[in-house]
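Peer 1: Okay, sequence plus prediction incoming.
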Amino acid sequence: MKRVLEGSQAVAEAVRLARVGVISAYPITPQTHIVETLSDFCAQGRMNARFLRVESEHSALASLIGSATAGARVFTATSGQGLALMHEVLHWTSGARLPIVMAEVNRALAPGWNIWIDQTDSLAQRDTGWIQFYCESGQEVLDTVIQAYRLGEAVNLPVMVVLDAFFLSHTYEPVDVPEQEDVDRFLPPFVPRFQADPENPCAFGPLVTPAVYMEMRHNMAQAMEEALRLYPEIEDAYDSLFGRRYGTMEALHCEDSDIVFVTTGTVTSTCRQVVEDLRKEGEKAGLLKLRLFRPFPAEEIRRSLKGVKRVAVIDRNFSFGAGGIFAQEIRAALCNEGNRPVVFGFIAGIGGRDVTTDTLREIYEKTKEREFPEADSLWVGLQEVSHGT
Amino acid sequence: METKKASADPIPLFIPQTYTSTEANKTGSWRYLKPRYEEKTAPCSAACPAGEDIGKIELLTRDGLFKEAWETILRENPFPAVCGRVCFHPCESQCNRGEFDEAIAIHQIERFLADTARKNEIQPVVMTGEERREEKIAIAGSGPSGLAAAWFLTRLGYRCEIFEAREEPGGILRWGIPAYRLPPDVLRSEIALIESLGVTIHTGRPLGPSFVEEARGRFAALFLGCGHGRSRSLGIPGEDLEGVAEGLPFLQAIRRGETPKMDGPVAIVGGGNTAVDVARSVARLGGEPWIVYRRRRRDMPAFETEVLMALEEGVKIRELLAPVRLERTGGRLALTVQPMRVDGTGPDGRSRIVEDGPVETLEFAQVFKAIGEEAAEDWHRPPGKGGSVLALSNSTITVGDGSPVLIYGGDLAASVKSVVHAVASAKEGAMALDLLLRGGPENLTGRLEKYRVGDGPSLSMEIYQGGARSKRSGHVVRYGEINADYFQLAPRISQPRLLADERVRGFEEIDLKISANMAIREAERCFNCGLCNNCDNCYFFCPDMSVIRGDGAEGRRINYDYCKGCGLCVVECPRNAMTLEEEKP
């Protein structure tokens, strides 16, 4: 049934439909609407779940590790500083091979305090062993959360579903909320492949010597590869029931474009408009929307960008001393190709600043006017500031 | 440690697991702070002159163990039904919950427990000493102190005989406090409880000063709890005129069953509880009561709630009027009064009053004098300081040469004139006498110290008799030591009460009994300061699973082999029943 939902509510509806058994979260803007809605669902009896109120994000995830080890399907949500506080436990979750699903609402890190979108919080966690999806719309968020459980449980890895602060978390859109029985057909109850058993007590994750640790990590690497291989099959199953698919990425006009934007999150929607306008003006412009970031679909990226002359990567994030993180990843994916596009890295919309059609046109012009970028990262829309004390 | 490879289908899963116990790692050796269970003293119990174990009483009430709660009161005070009604409950003013929302209605629960036991005719099991003592004790007066002295001394193994001048025991409780505050059958049942221990009460047997000599050889000690037998005089002309009467005998006449008809305005001179009781009785008998008081209403020594109820019942108060003289004018009494005003504070801490303007004259049909009472006979009063005189907090003891030990208790010896202080004086006197007869007079005050509740001066019979309470620390738990995060705001129960126009129709009891539900709900509000109520917070919060819950009465203990001394249990204990100390090597 189509309903007008906030992005946060779309997450909550998906968690309800996934029949999650334990929710543990600590409130932080802009994630709070997600857990508030879930708390209501629990209080109203619309969900048969335990809602754990904890004293920190660290405890939120730690308590889910216990719950998931006991065999429950679990959920948490956080943002910015909250995710940073979880960092240690993020590693533990993936190392323990627990298919925990988290909604991560991108929020800029302090100081200065800023509750608006910036992707650095989730990208700073790219090496924690979590699968990461970046979403564009409320519908995509709902569908991705449901898919995340199936994918995570298939490969025993945790999944982070990332959405933009406010532009997605607090924006109302029409969302098709599937029927419970259809979701049940797609997502059967969680059957853990290992589980804590009070009859036969044991400790998980004890001291592991150099003789086996490397194999553990290699095992995780294999699982990540398996996730990349498995995801299209999962989408096939989803598509057959619900008629929607998103892919690990979406390539728009890439096959006959000279310049292709690479985007993530809600900037994509604006960029779709700009690309259509540019093409009407006779420009050979295209769009590559990146969705799955970990595992990184490098092969598909290379395939999609074959024949493209220049790539304009838009990063709403920054790795200080290196550059935009998506641009680095795209460069790395392309570097061994013989006939590869030139990668232009643009930094835009940091800390919630708008990325408008004008911003994107400026990026397009800057990419078009030079054969090679004047720097690895070009900051777009910077204002003159006085650095007074 | 063993590692296990799960099946390779659909993808390999490599999960390290260990089935080896970690018990060999005795993490207790890391500890430099050590938690322990240490029950402490609740401020209410330290503030109760009778030292009642209030935190425990509320805990038992909460659990519906009404008989056990009642018996816990009886260990320290034989008058829960009386004190639940007439005590000014200093316990409640010290209640830590008062700093959170409102104090626990301790007196209402106390009364509920006693009334429930009476209604169901329950016989209590009270702690008595094993030893039967040879010595007999005589007690002069069957007021609250004399009766309580018999209660405590009998439980210490002594045989007690009470000598009462009037035809029925009870003293001020029977003859002074009006029935609307204390119905006679309530008192009778508590006196019967004292008698059931084997106490003999001789009524109609006034004692004279010669009794001290007569008792030699028959009684080892004489407890004097004679109280105030005589009203103070006003010291003004005309106070002996017809129509001018004393307050206390008026109340006594009503308690005997008389219902003197009253009509027209009646003056009651005074501001204490007797004055208020007389005024309210006058209202019930058809008169129009006017309290005439020298100071301001707020300076009246009477209990504030009693004053407020008196006003509701139509009693009027004329403040700042000092009586000058009384005259008869026709059928009326003319009371001439001197208006006063407050001029700073006197050396006693009370407001100082000075004359203010010309005298005025008020006309009344009748006048009652109720400005205070004094000892009926000089020998009732405790002697001043001397070699053989030992003045304690609420009692005075003189050790004679072969003659009986004299213990002065009750209103004439206590620090405050109240029923519960009379009980306190009886307990102090009884314990001091027992110590004296067993171990001589050496350092009597020092030897009593061990039995104090918290920082004193209240004493505990349970501690004296080596009961469970003696294991507690005397540290009085203050509000700052309560973990208030564990409590939710909840209103105090209100006192169900007759309406003002129902009250003045007769001498029916005004305050009604509360239901068991209300009592339990109110007791649930109690913080149980310093006492373990088995909430299990320590158990739930211990990250080392080192809190062990016993199956039976042993309660909880700490497994120090594994306790790392993090102190979480102590911090999360809502009621400060645990203590964290530095580990001693």
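Peer 2: In hand now; what should we look at?
Peer 1: What segments of the stretch 101-250 of chain A are strands?
Peer 2: A:101-106, A:131-134, A:159-164, A:172-176, A:203-204, A:249-252 (DSSP state E, counting those that start in this stretch).
Peer 1: Can you lay out those strands as TSV showing distance to B:A42 and mean neighbour count?
Peer 2: C-beta coordinates here come from the backbone N, C-alpha and C atoms, glycine included. Formatted as TSV, those follow (distance: least, CB to CB, whole Å; neighbours: other CB atoms under 10 Å in any protein chain shown):
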stretch	distance to B:A42	mean neighbour count
strand A:101-106	47	30
strand A:131-134	56	25
strand A:159-164	51	28
strand A:172-176	56	16
strand A:203-204	43	16
strand A:249-252	68	19
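Peer 1: Indicate which one of those is closest to B:M578.
Peer 2: strand A:203-204 (29.0 Å; CB to CB).
Peer 1: Which of the strands of the stretch 101-250 of chain A comes out lowest on mean pLDDT?
Peer 2: Confidence, taken as mean pLDDT, is least for strand A:203-204 of those (a mean of 91).
Peer 1: strands paired with that one, and their directions?
Peer 2: Here strand A:203-204 has these sheet partners by DSSP bridges: strand B:14-18 (antiparallel).
Peer 1: Name the residues that touch stretch B:48-57?
Peer 2: Under the contact criterion CB atoms under 8 Å, 6 or more residues apart in numbering or on different chains, stretch B:48-57 has outside partners B:42, B:44-45, B:69, B:72-73, B:75-77, B:83, B:90-91, B:106, B:109-110, B:113, B:394, B:416, B:418, B:420-421, B:423-424, B:427, B:453, B:457-460, B:462, B:469, B:526-531.
Peer 1: So for stretch B:448-466, what gets flagged as buried?
Peer 2: B:448, B:451-454, B:457-465 (16 or more other CB atoms under 10 Å in any protein chain shown).
Peer 1: and stretch B:90-110, how far apart are its ends?
Peer 2: Stretch B:90-110 has an end-to-end distance of 14 Å (criterion: CA to CA, to the nearest Å).
Peer 1: List the buried residues for the host helix or strand of A:V4?
Peer 2: Per DSSP states H and E: A:V4 is located in strand A:2-6. For strand A:2-6, burial by neighbour count (16+ other CB under 10 Å) applies to A:5-6.
Peer 1: Could you pull up the residues touching the closest residue to B:V125 other than its chain neighbours?
Peer 2: Nearest residue to B:V125, sequence neighbours excluded (CB to CB, 6 or more residues apart in numbering or on different chains): B:E71, at 6.1 Å. Residues in contact with B:E71 (CB under 8 Å, 6+ apart) are B:124-126.
Peer 1: What's the ChimeraX line that selects buried ones from these?
Peer 2: With 16+ other CB under 10 Å as the criterion, this ChimeraX line picks the buried residues out of those:
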select /B:124,126
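Peer 1: now the strand holding A:V4, how far from the chain's geometric center?
Peer 2: Relative to its chain's centre, strand A:2-6 lies at 21 Å (CA atoms, centre = their mean, to the nearest Å).
Peer 1: helices or strands up against that strand?
Peer 2: Other helices and strands packing on strand A:2-6, by 3 or more CB pairs under 8 Å, 6 or more residues apart in numbering or on different chains; DSSP states H and E, are helix A:138-155, strand A:172-176.
Peer 1: contacts for it?
Peer 2: Under CB under 8 Å, 6+ apart, the answer for strand A:2-6 is A:13, A:33, A:138, A:142, A:169-177.
Peer 1: same thing with stretch B:272-283?
Peer 2: B:176-178, B:180-181, B:247-248, B:250-251, B:254, B:262, B:266, B:268-269, B:288-291, B:293, B:300-303, B:306-307, B:309-310, B:313-315, B:368, B:370-373, B:504, B:507.
Peer 1: avg pLDDT for that stretch?
Peer 2: Stretch B:272-283 comes out at a mean pLDDT of 95.
Peer 1: what's the helix or strand for the most centrally placed residue in chain B?
Peer 2: Central residue of chain B (CA atoms, centre = their mean): B:V420, 4.2 Å from the mean position. B:V420 belongs to helix B:419-439 when assigned by DSSP H and E.
Peer 1: in that helix, what counts as buried?
Peer 2: Of the residues in helix B:419-439, B:419-437 count as buried by neighbour count, 16+ other CB under 10 Å.
Peer 1: In its sheet, which strands sit next to the helix or strand encompassing B:I291, and in what direction?
Peer 2: According to DSSP H and E, B:I291 maps onto strand B:288-292. Strand B:288-292 has the following strand partners under DSSP bridges: strand B:265-269 (parallel), strand B:316-318 (parallel).
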